[in-house]
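# next come a sequence and a model predicted from it.
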Amino acid sequence: MIATPSPLVPVPIPDRVAAMIGSCLPLHVLQAEFDADCAVREVHRFRGPLCAEDRADREHALAALARANKILAKHHPQLPVTR
């Protein structure tokens, strides 16, 4: 029987563990991670044919994601958030 690789399932971590991990990172890196996560959610909000205002909002979210990823990549090459 051939085993197929299963997709990774994100597992939530306790708040105390997240706080401990966060305390080890510089504040600007934590802020960039938060900004990147928000930007990805904002980008995924826009689907289908977009009006001019929605296109501008999507471009703004993509720019915010790029700025945050630049900070994250500078801290560690494997930290950037992908959409």
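Cool, got the structure. Numbers count the residues shown, from 1 in each chain.
# residues in contact with L30?
Going by C-beta atoms under 8 Å, 6 or more residues apart in numbering, L30 touches G22. Where you see a C-beta, it was placed from the backbone N, CA and C, and this is true even at glycine.
# buried ones in the one helix or strand it maps to?
Per DSSP states H and E, L30 falls inside helix 27-45. In terms of neighbour count (16 or more other C-beta atoms under 10 Å), helix 27-45 has its buried residues at 29, 32-33, 35-36, 39-40, 42-43.
# need those residues in a markdown table (columns: pLDDT and distance to N69).
A markdown table is the format used below for the buried residues of helix 27-45 (pLDDT from 0 to 100; distance: C-beta to C-beta, whole Å):
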| residue | pLDDT | distance to N69 |
| --- | --- | --- |
| V29 | 91 | 12 |
| A32 | 93 | 8 |
| E33 | 89 | 10 |
| D35 | 93 | 9 |
| A36 | 92 | 6 |
| A39 | 93 | 9 |
| V40 | 92 | 10 |
| E42 | 91 | 14 |
| V43 | 89 | 12 |
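# could you look up the SS state of I13?
coil (DSSP: H, G, I helix; E, B strand; the rest coil).
# ok, the buried residues of helix 27-45 vs V11, which is closest?
Distances from V11 to the buried residues of helix 27-45, taken as C-beta to C-beta, are shortest for E33 (17.8 Å).
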